[in-house]
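Chemist: can't give you the sequence, but here's the structure:
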């Protein structure tokens, strides 16, 4: 019987900011996961998944994202998983900051060297919901998904692939077309055996192939140093526009890629999700 | 000519979160200082000093305190200094987490070993205002002071000693009577030559000796593991009550000593200061 061990709990804005650890069957490593339970959380309280970016773990958004105040007010559970296995013991796993540890890219690796541990899509969409949602009493709650950068890529791709599960989708500075940019190409070439597997992990390609999800909100800093080379929101919006996938892209003059940017627009994202999740609960 | 070097700047809630570094004449070390400038800051925008607690530097409250949203709304400049010299090269400076590096206690050391560098009162009240306020165009602005734990002690003592400068005072979980508790006794015995110097750095003793400051707001978590042994808010409130120093102590069930507690009540503190600082500006 695999179970979650609570490693910390803090009261915050009347809610509980909890951290768990568990031995994952998908990654074969110990995985932390952070959860915010708003005051009065019950089995109908919506669950919003937040996927973090490169080099982050579950704690970055918990300490720097500033979501607790608004999540407490709106009554949202926020679940923040880690971004990869850690300490899997794979040769080279710690060599790069944009591949391996801290850079799981929310995919299921198929290259033999990584495929025993780097099953982050399975972990996020199958193992963790099965394990965590009963623990926090949220098995029948509506779910949404959002994230930042690599985690924005994760939110868009998982949201597009499973609109029955994720009733709301948004992203901060997402990697929108990973097959076309250095971060994505490196990850896909490293984790996946064949190039025809790439499209299943590329939001831009998923929309082209007919996948649809609820109206997407994207916030993007115009002074983000990764914008030109890695993120491609313009390509994605153009694809969505042709395909009829609703998306709102908001460009913000002067803002960069940091959590100072994320915290500034966090409230707007939570209100976006709350609106869709309240409708889904009806 | 000593000057500030800007080491980073981020846009956040329309304001600018800036970090500077400078060579301090008081501490004879390089000191960082973080400053939040709200949108439209001008020479009349109030300046609120935030003093951090043991083990912290200037960045903890910047990343975890969640003040930027409200400071942007209310139009407050927030200045966050470091808590001690670092790398002064004094034997034993890094031996303890509650003494030496990260634990300057906002006093001017008189013991020879520390007195060349650990002049944090002079640094906070003389050197840094002279250097920083012209840089940010705030030389004629009203000033307030607050802080957490050791920094709450700093805010109370500096506020009580100079009500002409600090027009508003508040604290999260302050060390209220340091002469009576282990953290304070260790610091005072370590940094100060004679025990008769202690009262100048003890908020409880300062109120007893007739010092007064504007109405104090104190928030304290009832589940704070340091409350019983180190903080003494009850002693302080009793002293203030006898002396006629206005103080409001709010005890919060279930909250601890962390930034999850601080961020929960940050908005209340900023509104407290804004009220007094607006009145001071008239």
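Modeler: Great, that's in hand. Predicted model only: the values in this text are computed from it and were never measured.
Chemist: Just give me the neighbour total for residue A:182.
Modeler: If you count neighbours by other Cβ atoms under 10 Å in any protein chain shown, residue A:182 ends up with 12. For every residue, glycine as well, the C-beta is placed using N, CA and C.
Chemist: meant to ask about residue A:181, not that
Modeler: With other Cβ under 10 Å as criterion, residue A:181 counts 18.
Chemist: And the pLDDT for the closest residue to it other than its chain neighbours?
Modeler: Distances taken as Cβ to Cβ, 6 or more residues apart in numbering or on different chains place residue A:230 nearest to residue A:181, at 4.8 Å, with adjacent residues excluded. Here the pLDDT value assigned to residue A:230 is 97.
Chemist: what about residue A:230, neighbour count?
Modeler: Neighbours of residue A:230 (other Cβ under 10 Å): 24.
Chemist: same check, this time on residue A:94
Modeler: 14.
Chemist: Give the full set of residues in contact with it.
Modeler: Residues in contact with residue A:94 (Cβ atoms under 8 Å, 6 or more residues apart in numbering or on different chains) are A:100, A:101.
Chemist: which secondary structure elements does the helix or strand harbouring residue A:186 contact?
Modeler: Residue A:186 is part of helix A:182-191 when elements are defined by DSSP states H and E. Judged by 3 or more Cβ pairs under 8 Å, 6 or more residues apart in numbering or on different chains; DSSP states H and E, helix A:182-191 is in contact with no other helix or strand.
Chemist: Could I get the buried residue list for it?
Modeler: Within helix A:182-191, the residues scored as buried using 16 or more other Cβ atoms under 10 Å in any protein chain shown are A:183, A:184, A:186, A:187, A:188, A:190, A:191.
Chemist: Redo the residues you listed as CSV? Include distance to residue B:211 and pLDDT.
Modeler: As requested, these are arranged in CSV below (distance: Cβ to Cβ, whole Å; pLDDT from 0 to 100):
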residue, distance to residue B:211, pLDDT
A:183, 58, 98
A:184, 62, 98
A:186, 62, 98
A:187, 61, 98
A:188, 66, 98
A:190, 64, 98
A:191, 64, 98
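Chemist: of the residues you listed, closest to chain B?
Modeler: residue A:183 (21.9 Å; Cβ to the nearest Cβ).
Chemist: Could you verify my assumption that that closest one touches residue A:54?
Modeler: Yes: using Cβ atoms under 8 Å, residue A:183 is in contact with residue A:54, at 7.3 Å.
Chemist: Spit out the residues that contact the two alike.
Modeler: In contact with both residue A:183 and residue A:54: A:98, A:150, using Cβ under 8 Å, 6+ apart.
Chemist: just to revisit the earlier point, what's the helix holding residue A:186 in contact with?
Modeler: A:54, A:98-99, A:103, A:105, A:107, A:109-111, A:114, A:118, A:150, A:153, A:175, A:177-179, A:195, A:197-198, A:201-202, A:229-230.
Chemist: List buried members of the residues you listed by neighbour count.
Modeler: Using 16+ other Cβ under 10 Å, the buried ones in the contacts of helix A:182-191 are A:54, A:98-99, A:103, A:105, A:107, A:109, A:114, A:118, A:150, A:153, A:175, A:177-179, A:198, A:201-202, A:230.
Chemist: Give the buried residues for stretch A:198-207.
Modeler: So, applying 16+ other Cβ under 10 Å, buried residues of stretch A:198-207: A:198, A:200, A:201, A:202, A:203, A:204, A:205, A:206, A:207.
Chemist: With stretch A:135-144 instead?
Modeler: A:135, A:136, A:138, A:141, A:142, A:143, A:144.
Chemist: Where strands are concerned, which of the residues you listed count?
Modeler: A:143, A:144 (DSSP state E).
Chemist: I'd like the buried residues of stretch A:135-144 as a markdown table, with pLDDT and distance to residue A:273 appended.
Modeler: Output for these, formatted as a markdown table (pLDDT from 0 to 100; distance: Cβ to Cβ, whole Å):
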| residue | pLDDT | distance to residue A:273 |
| --- | --- | --- |
| A:135 | 93 | 22 |
| A:136 | 93 | 17 |
| A:138 | 91 | 15 |
| A:141 | 94 | 12 |
| A:142 | 97 | 10 |
| A:143 | 98 | 10 |
| A:144 | 98 | 4 |
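Chemist: and of the buried residues of stretch A:135-144, the nearest to chain B?
Modeler: Closest to chain B, out of all of the buried residues of stretch A:135-144 and judged by Cβ to the nearest Cβ, is residue A:136, at 18.0 Å.
Chemist: ok, which residues in the stretch 1-150 of chain A are in contact with chain B?
Modeler: A:10, A:11, A:12, A:13, A:14, A:17, A:63, A:64, A:66, A:68, A:69 (Cβ under 8 Å from any Cβ of the partner chain).
Chemist: Which member of those residues is positioned nearest residue A:26?
Modeler: Of all those, residue A:26 sits closest to residue A:17, with 24.6 Å by Cβ to Cβ.
Chemist: pretty sure the closest one is in a helix, no?
Modeler: No: with DSSP: H, G, I helix; E, B strand; the rest coil as the criterion, residue A:17 is assigned strand and is not in a helix.
Chemist: For chain A, give me the ranges with low pLDDT.
Modeler: Applying pLDDT under 70 to chain A flags the ranges A:1-2.
Chemist: 80 instead, please
Modeler: For chain A, applying pLDDT under 80 flags the ranges A:1-2, A:281-282.
Chemist: Geometric centre of it: which residue is closest?
Modeler: Nearest residue to the geometric centre of chain A (Cα atoms, centre = their mean): residue A:51, 2.3 Å.
Chemist: At which residues are the helices of the stretch 151-282 of chain A located?
Modeler: Under the criterion DSSP state H, counting those that start in this stretch, helices of the stretch 151-282 of chain A are mapped to A:182-191, A:203-208, A:233-243, A:259-281.
Chemist: deepest of those helices, which one?
Modeler: helix A:203-208 (a mean of 24; mean count of other Cβ atoms under 10 Å in any protein chain shown).
Chemist: tell me how far that helix is from the chain's mean position?
Modeler: 17 Å (Cα atoms, centre = their mean, to the nearest Å).
Chemist: Now do the same contact list for residue A:24.
Modeler: Residue A:24 neighbours (Cβ under 8 Å, 6+ apart): A:30, A:31, A:85, A:123, A:127.
Chemist: Just the buried ones from those residues, in PyMOL syntax?
Modeler: Buried residues within those, by 16+ other Cβ under 10 Å, are selected in PyMOL with:
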select buried, chain A and resi 31+85+123+127
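Chemist: wait, which of the contacts of residue A:24 is closest to chain B?
Modeler: Once Cβ to the nearest Cβ is applied, the member of the contacts of residue A:24 that ends up nearest chain B is residue A:31, at 22.1 Å.
Chemist: Just the closest of the buried residues of stretch A:198-207 to chain B, please.
Modeler: residue A:203 (26.3 Å).
Chemist: Surely that closest one and residue A:161 touch.
Modeler: No: using Cβ under 8 Å, residue A:203 is not in contact with residue A:161; the gap is 9.7 Å.
Chemist: would you list the buried residues of stretch A:135-144 in CSV and tack on distance to residue A:278?
Modeler: Converted to CSV, the buried residues of stretch A:135-144 look like this (distance: Cβ to Cβ, whole Å):
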residue, distance to residue A:278
A:135, 24
A:136, 19
A:138, 15
A:141, 12
A:142, 8
A:143, 13
A:144, 11
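Chemist: Now for the buried residues of stretch A:135-144: which two are most distant?
Modeler: Between all members of the buried residues of stretch A:135-144, the farthest pair (by Cβ to Cβ) comes out as A:135 and A:144, at 19.1 Å.
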